[in-house]
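Chemist: Structure of the sequence below:
(2 chains)
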Amino acid sequence: MSGLLHFFSSHFSTLGHEFWPLLVGGLATGCIYAMIAIGYTLVYGVLRLINFAHSEIFMSGGFATFFLMRWLVGTSTPNTFETVLYLILGVLVGGLTGAGVATVLERVAYRPLRRRNAPKLAYLISAIGASYFLFNLAAKEFGRINFSMASPYVNHSLFTIFGAQVYMSYIIILLVGAVMLVALDRLVATSKLGRSIRAVAQDAETASLMGVNIDRTIALTFIIGGFLGGVAGYLYGLSFGVVYTMGFTPALKAFTAAVLGGIGNLRGAVIGGLILGVVESMSVAFVNGAFIDVVAFGVLVLVLLFRPTGILGERLGRSA
Amino acid sequence: MKFRSSKAVTLVAAGAALLMAVPSIGATAATKPVYTIGYEGPLSGGNAQLGINMKWGVELAISQANATGKLPFTLKAAWYDDQGSSTLSPAQAQSAVGNRSLVAMVGPAFSGATRAAEPFYANAGVATVSPSATAAALATGLTNNNFMRVVYGDDVQGLADAKYLVKTKSVSKLLVLDDGSFYGSGLAAVVAASAKTLHATVTTNSYPESSNCGGLASPSQYASAATSIVASGVTGVFYGGYYCDFGLLLGALATAGYTGKIMSGDGSESASLITGTSPATAANGVYLSAASGGTASAFTGKLEVAFKKFSGGTASSAALYAPQAYDATNVIIAAMQKATLTGSLESKRIAIRDALHKISYKGVTGTIAFQSDGNLVGSGAGQISFYQVTNGAIGNPIAHN
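Modeler: Have a look, this model is predicted:
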């Protein structure tokens, strides 16, 4: 018992030093998870399908912006104007590439199955097949090593919160992430397209009878999810570089985040992503690095034991 | 249609010409037996560059040996890509021993892959001469005599690294990290134990390989790790692992504002460390070590010119373990010339293995003779090179043990 007390007191006192830096870093990682998780949750909402190829949508955004940044930045050090311009271009190109790949996926891998009323298992296999095809294609075309991305900014400390240095890279991720997530929330809650998405999520057949174009709504859902996934690929690539396997673990984590928040629930995906990011980050102070994922998935199991439908519950239709 | 049939006639004619040509090739080859030397290492995957460096060395040695025209046999090379993985390695080893002209192996390249593959090579009597598998336990842990290596083990490298950090660079509070791999954790354990005996305060931690580098962990683990490292106030960090994950750790340490010393072993000594580190400047100042034959770790003169034909222009000084792979291949070729190659394939393989145990061969990296456990003869003094990344390049060794 005294040993246990000693463990906690020593680790909490360590966390005292590290709490704020770990929180900021965890929120940044969580923001990326949230942006990927949105893609899973949106598609699940309208199709009741887990898009396992979403990891490659994320990767495509990473690679497109890797080439863009290499071309724009190269080995130069951009000034403030260039930094802002390149970041905006990166977000646009990453997002549009993600949206493009998502559209192709929907057309090639899912729509033909939907037309033929294929069982859900067929979608799953189609998704896994598309995922393998895309990451092997990337490996063949771009090579198999991790490439660091030319950075459009100098990563210096901008300010301090409770002794924690807050770096440019975190601010960019948090800022871009916040803008994207709030914009999406408003889009789904207030626009006509958002109403269509919610209507299809609630009851596709009735929505269709009410004049909602199902095909168009599903295609746009993929585009929105793909856009966010592509942007996440860009932000992630800026910190960790790009490689053909880059989507695998972040997407698995984001899927976990979506389930944690309540699959099919947009705000749930955001909350799930942020919680997962922070839990992972904080666990470094308590456990050996090899057990970070054990802690993260332990939290998932605990949450699901008490709330089987996730923190905010399922249902895209209701939540937004 | 007319076009198609004329094309068909051309194809048939070309085929016939080829068939006529084959016997003449066969006639020259028939005078000499053809033997294959295999190479097992990562030719794809996140850490492929180290494996490709070695492939170049093997190709150079075999092409030179055939070009002399003095060998009583013709040599061929065969490539077995294990991606550096201990999971994929056994299948590659089985494929290699199933090759009915294969008499010996260069490799496996990575320690974990070597441990997994050795039983298959041992059963078939195939000698394996590794240019780079440095885990100390490989020599002591195996009960067979087919494992040999042309580099000194991590017991030598780890001790040298600890001395360099603690004594030369005055690191008193050292954090030793590893990637959980057989190689990485083995090297890290030697460094940690050696640094303790040198009276440094040592803490350890382990972060598994990330998904950007062929593992499963999230690369964001390094951001949290770096925060924790800065808060702990250590003055030195040693990383036992490979360049891909080490690059991610370096990026995170730079972001977190870490200013102490950083060092890693031969698994990180690759130009790909720089291309994979974000930002690349985060690698500057980092120390690296390699059990790579000390001062003679690169080709010179005509040999360097010949090497560049295989490496697409890459200098051997930037291709870690290429000279070791070249030496490993040549020591096998020398043993093949000393052994009596008669009887079944199995007896030829065993004859080569036994000849390797008796050989003393002067290679570009030094004199190669094996102890009974497969380790090189000698203490390894002067054989560990230390490097420092400066202006985005690893450059020449700055010191030796």
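
Chemist: only C-alpha atoms for contact and neighbour calcs from this point on.
Modeler: OK.

Chemist: residue boundaries of the helices in the chain?
Modeler: Because you didn't say which chain, this covers chain A. A:2-47, A:54-72, A:80-105, A:111-115, A:120-142, A:168-190, A:192-202, A:204-209, A:214-240, A:248-261, A:266-283, A:292-306, A:316-319 (DSSP state H).

Chemist: Oops, wrong one, chain B.
Modeler: Remark: helices assigned in chain B by DSSP H are B:2-31, B:48-68, B:89-97, B:111-123, B:136-141, B:154-163, B:182-197, B:221-232, B:243-255, B:272-276, B:301-311, B:322-338, B:345-358.

Chemist: what helices or strands is the shortest one leaning on?
Modeler: Right, helix B:272-276. In terms of contacts (3 or more CA pairs under 8 Å, 6 or more residues apart in numbering or on different chains; DSSP states H and E), helix B:272-276 is packed against helix B:243-255.

Chemist: Get me the contact residues on the stretch 151-300 of chain A for chain B.
Modeler: A:151, A:155-156, A:167, A:238-250, A:280-282, A:284-285, A:288-290, A:292-293 (CA under 8 Å from any CA of the partner chain).

Chemist: again, only this time at 6 Å
Modeler: The stretch 151-300 of chain A comes close to chain B at residues A:245-246, A:249, A:281, A:288-290, as judged by CA under 6 Å from any CA of the partner chain.

Chemist: and the two most separated of these?
Modeler: Farthest pair in those (CA to CA) is A:245 and A:288. Separation: 24.6 Å.

Chemist: okay, those two: which has more neighbours?
Modeler: residue A:245 (26 against 14; other CA atoms under 10 Å in any protein chain shown).

Chemist: Next, the contact list for that one, please.
Modeler: Residues near residue A:245 by CA atoms under 6 Å, 6 or more residues apart in numbering or on different chains: residue B:212.

Chemist: next one: the one 3 residues further on
Modeler: Applying CA under 6 Å, 6+ apart, we find residue A:248 in contact with residue A:55.

Chemist: What parts of the stretch 101-250 of chain B come near chain A?
Modeler: Contact residues (CA under 6 Å from any CA) of the stretch 101-250 of chain B with chain A: B:205-208, B:211-212, B:218, B:224.

Chemist: farthest-separated two in the residues you listed?
Modeler: B:205 and B:212 (20.0 Å).

Chemist: Spit out the contact partners of the closest residue to chain A within the stretch 51-200 of chain B.
Modeler: In the stretch 51-200 of chain B, the residue found nearest to chain A is residue B:180; the distance is 7.9 Å by CA to the nearest CA. The contact partners of residue B:180, by CA under 6 Å, 6+ apart, come to residue B:208.

Chemist: Tell me, what's the model's pLDDT at it?
Modeler: You'll see residue B:180 listed with a pLDDT of 91.

Chemist: Residue A:246 versus that one, what's the distance?
Modeler: Here the criterion is CA to CA, to the nearest Å. By it, residue B:180 lies 20 Å from residue A:246.

Chemist: go on, residue B:337?
Modeler: According to CA to CA, residue B:337 stands 48 Å off from residue A:246.

Chemist: Neighbour count: the two, which is higher?
Modeler: Neighbour tally, residue B:337 and residue A:246, criterion other CA under 10 Å: the higher count belongs to residue A:246, 30 against 15.

Chemist: ok, and the closest non-adjacent residue to residue 307?
Modeler: As the question left the chain open, I've gone with chain A. Closest residue to residue A:307 apart from its sequence neighbours, by CA to CA, 6 or more residues apart in numbering or on different chains: residue A:313 at 7.9 Å.

Chemist: look at chain B instead
Modeler: Nearest residue to residue B:307 in three dimensions, chain neighbours excluded: residue B:60, at 6.2 Å (CA to CA, 6+ apart).

Chemist: do residue A:177 as well
Modeler: Using CA to CA, 6+ apart and skipping the chain neighbours, the partner closest in space to residue A:177 is residue A:31 (5.9 Å).

Chemist: Burial check on the one you found, number of neighbours?
Modeler: For residue A:31, the count of nearby residues is 32 (other CA under 10 Å).

Chemist: buried residues in stretch B:32-49?
Modeler: Buried residues in stretch B:32-49, counting neighbours by 16 or more other CA atoms under 10 Å in any protein chain shown, are found at B:35-49.

Chemist: so where's chain A shaky on pLDDT?
Modeler: Applying pLDDT under 70 to chain A picks out residues A:1-17, A:315-320.
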